[in-house]
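Colleague: Fold the following for me, if possible:
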Amino acid sequence: MITLILNIKELLQVRETSIAKVSGKEMAILPSIKNAFLLIENDVIADFGSMENCPKINADLTVDATGKIVLPTWCDSHTHIVYAGNREQEFVDRINGMTYEEIANRGGGILNSAKKLNETSEEDLYNQSKKRLEEVMQLGTGAVEIKSGYGLTVEGELKMLRVIKKLNDNYPIKIKATFLGAHAFPIEYKENHSGYIDLIINEMLPKIAAENLAEYIDAFCETGYFSVEETQRIMEAGKAHGLIPKIHVNQFNAIGGIAACVQHNALSVDHLEVVTEDDIEALKNSETMPVALPSCSYFLSIPYTPARQLMNAGLPLALATDFNPGSTPSGNMNFVVATACIKMKMTPEEAINAATINGAYAMGISETHGSITKGKKANVIITKEVNSYYELLYAFGSNLIDSVLIEGNIV
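Modeller: Numbering: from 1, shown residues only. Presented below is the predicted three-dimensional model:
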């Protein structure tokens with residue numbers, strides 16, 4: 001199958017050679033070609049360039065993109081798409097004055113989702129989750145990381161990871177699985193933290209490794225959840241089973257978790273609504289990607305990740321949705337990128353880099369996703385006719401996507 005996209009108003013994120021990520025001042029540079037073509041063979045990018053150099057070819061499908069922007073699909077490196085039911089009542093409770101922590105302390109929050117999930121069959125969980133996955137694909141996401149963490153029991157966590165595996169088997173979108181058994185302490189382990197961590201290490205991890213159900217391990221490193229020491233223990237156990245750390249940290253408090261994650265070679269540290277100078281120093285000269293989740297800040301009315309502070313320090317930054325039932329019931333990466341510009345004062349170029357090439361890095365797929373590069377997966381967004389790519393972020397409430405191709409096929 002050969003697809004030729006012609007007369008592209010502007011082709012974004014073009015990289016002749018594959019790069020892992022962009023950092024600091026480089027994030028403000030978004031390479032592009034105006035009046036461009038893009039050639040796709042089967043599921044990969046075969047060629048691209050200026051229209052004056054467009055090859056004469058008999059394509060199976062020719063798309064005229066006059067007036068339209070073409071860019072790589074979004075790489076959403078932090079989601080909780082697999083969950084049961086919703087938490088809309090807690091949404092109303094927060095409007096009426098309850099805090100996230102107060103809701104959690106009464107058995108709401110993550111524990112509420114865990115109760116629903118453990119009462120839901122694997123088939124029902126799959127059917128609920130695939131609708132969300134199909135929605136984000138239509139919204140331009142071409143690669144997604146999905147976490148467990150709403151089971152908090154051996155069977156519940158395995159059920160979630162098996163659903164993630166089934167989604168990966170049945171859909172063309174690239175899916176990476178993360179084991180997040182350390183999302184919260186179940187009620188029965190509230191006063192016995194070491195007992196629950198023993199359950200994660202001695203029962204959950206061996207079964208997950210045996211079935212090859214996850215590539216990454218995560219923990220909610222936060223006051224009232226998992227301490228730095230507990231998170232380190234979980235990271236070490238995960239690494240012993242070949243799982244790479246990707247950690248929730250600094251959502252509400254800075255407790256030294258980022259330095260610990262860097263020491264354990266975490267692929268990413270996610271949230272970072274609160275960042276100290278010590279955190280920034282720890283991240284410098286590391287291979288760990290900071291990941292911001294602006295729609296979580298929007299939904300919970302908490303501070304936004306200080307993007308400018310991180311980038312001014314020469315660091316990279318990725319953007320992701322945090323799609324989950326409690327703090328971000330949306331997987332719309334277009335809104336995330338726009339919100340990063342509006343609330344975090346990232347430039348459009350910085351935000352698009354953060355949501356494509358750096359997002360790919362944060363889920364370990366930058367060799368195959370995240371840019372328009374020959375040999376990479378043919379995952380692209382074709383916009384509607386727009387004035388410029390700035391309009392994608394400026395008109396934040398409009399769906400300006402005309403079509404999405406994942407592995408060369410229109411979804």
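Colleague: could you give me the average pLDDT of stretch 290-303?
Modeller: Per-residue pLDDT over stretch 290-303 has a mean of 96.
Colleague: Mind listing residues that contact that stretch?
Modeller: 77-78, 94, 100, 251-252, 268-274, 283, 304-305, 307, 310, 315-322, 327-330, 332, 335-336, 339-340, 343-344, 354, 362 (C-beta atoms under 8 Å, 6 or more residues apart in numbering). Backbone N, C-alpha and C define where each C-beta goes, glycine included.
Colleague: Just the endpoints, please. Distance across that stretch?
Modeller: 16 Å (C-alpha to C-alpha, to the nearest Å).
Colleague: Pull out the buried residues from that stretch.
Modeller: 290, 291, 292, 293, 294, 295, 296, 297, 298, 299, 300, 302 (16 or more other C-beta atoms under 10 Å).
Colleague: Same check on stretch 177-190?
Modeller: If you call a residue buried by 16+ other C-beta under 10 Å, then stretch 177-190 has these buried ones: 177, 178, 179, 180, 181, 182, 183, 184, 185, 186, 189.
Colleague: what's the closest of those to residue 379?
Modeller: Using C-beta to C-beta, residue 177 comes nearest to residue 379 of the buried residues of stretch 177-190, at 18.9 Å.
Colleague: Would you mind pulling up the elements that the helix or strand where that closest one lies packs against?
Modeller: For residue 177, the host element (DSSP states H and E) is strand 174-182. Counting contacts by 3 or more C-beta pairs under 8 Å, 6 or more residues apart in numbering; DSSP states H and E, strand 174-182 is packed against strand 141-147, helix 154-170, strand 216-221, helix 228-240.
Colleague: now the helix or strand that that strand is followed by: how far from the chain's centre is it?
Modeller: Counting by DSSP H and E, the next helix or strand C-terminal to strand 174-182 is helix 193-199. Here helix 193-199 shows a centroid-to-chain-centroid distance of 28 Å under the convention C-alpha atoms, centre = their mean, to the nearest Å.
Colleague: The first helix or strand past helix 193-199 going along the chain - contacts with which helices or strands?
Modeller: Downstream of helix 193-199, the next assigned helix or strand under DSSP H and E is helix 205-210. The contact analysis (3+ C-beta pairs under 8 Å, 6+ apart) places helix 205-210 against helix 154-170.
Colleague: Only alpha carbons, please: show the helix it packs on as PDB.
Modeller: Extracted as PDB, the C-alpha positions of helix 154-170 are listed here (Å, rounded to 0.1, in the frame of the first residue of the first chain):
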ATOM      1  CA  VAL A 154      -2.900  -9.600  42.700                       C
ATOM      2  CA  GLU A 155      -5.900 -10.600  40.500                       C
ATOM      3  CA  GLY A 156      -7.000  -7.000  39.900                       C
ATOM      4  CA  GLU A 157      -3.600  -5.800  38.700                       C
ATOM      5  CA  LEU A 158      -3.200  -8.900  36.500                       C
ATOM      6  CA  LYS A 159      -6.600  -8.300  35.100                       C
ATOM      7  CA  MET A 160      -5.800  -4.700  34.100                       C
ATOM      8  CA  LEU A 161      -2.500  -5.700  32.500                       C
ATOM      9  CA  ARG A 162      -4.100  -8.500  30.500                       C
ATOM     10  CA  VAL A 163      -6.700  -5.900  29.200                       C
ATOM     11  CA  ILE A 164      -3.800  -3.600  28.200                       C
ATOM     12  CA  LYS A 165      -2.100  -6.500  26.400                       C
ATOM     13  CA  LYS A 166      -5.400  -7.300  24.600                       C
ATOM     14  CA  LEU A 167      -5.800  -3.700  23.500                       C
ATOM     15  CA  ASN A 168      -2.200  -3.800  22.200                       C
ATOM     16  CA  ASP A 169      -3.000  -7.000  20.300                       C
ATOM     17  CA  ASN A 170      -6.200  -5.700  18.700                       C
END
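Colleague: between that helix and strand 174-182, how many degrees?
Modeller: Per axes from the mean of the first three to the mean of the last three C-alpha atoms, to 10 degrees, the angle that helix 154-170 makes with strand 174-182 is 170 degrees.
Colleague: Tell me what angle helix 154-170 forms with strand 141-147.
Modeller: 160 degrees.
Colleague: Closest to the centroid, which residue in this protein?
Modeller: With distances taken as C-alpha atoms, centre = their mean, the chain has residue 77 as the residue nearest its mean C-alpha position (2.2 Å).
Colleague: Torsion angles phi and psi at that one?
Modeller: Main-chain dihedrals, residue 77, degrees, to the nearest 10: phi -90, psi 10.
Colleague: Excluding covalently adjacent residues, which one is nearest to it?
Modeller: Spatially, and ignoring its direct neighbours in sequence, residue 77 is nearest to residue 362 (3.7 Å; C-beta to C-beta, 6 or more residues apart in numbering).
Colleague: Can you name the residues that contact that neighbour?
Modeller: Contacts of residue 362 by C-beta under 8 Å, 6+ apart are 75, 77, 78, 145, 246, 267, 268, 270, 289, 291, 318, 320.
Colleague: By mean pLDDT, point me to the weakest helix or strand of the protein.
Modeller: Across the helices and strands of the chain, mean pLDDT, DSSP states H and E gives its lowest value to helix 100-105, namely a mean of 81.
Colleague: packing partners for that helix?
Modeller: Against helix 100-105 (3+ C-beta pairs under 8 Å, 6+ apart) you get helix 88-95.
Colleague: which residues are contacting the helix it packs on?
Modeller: 98, 100, 103, 108, 109, 112, 300, 326, 329.
Colleague: Look up how far residue 283 lies from the closest residue to residue 314 other than its chain neighbours.
Modeller: In space, and not counting its chain neighbours, residue 314 is closest to residue 24: 3.8 Å by C-beta to C-beta, 6+ apart. For residue 24, the distance to residue 283 equals 12 Å [C-beta to C-beta, to the nearest Å].
Colleague: Over to residue 186?
Modeller: 32 Å.
Colleague: Check residue 63 too.
Modeller: Distance from residue 63 to residue 283, by C-beta to C-beta: 41 Å.
Colleague: Looking at these two, which one has more neighbours?
Modeller: residue 283 (24 against 20; other C-beta atoms under 10 Å).
Colleague: ok, that one to residue 332 distance?
Modeller: In terms of C-beta to C-beta, residue 283 sits 28 Å off from residue 332.
Colleague: between the contacts of helix 88-95, which is nearest residue 168?
Modeller: For these, the nearest to residue 168 is residue 329 (22.4 Å; C-beta to C-beta).
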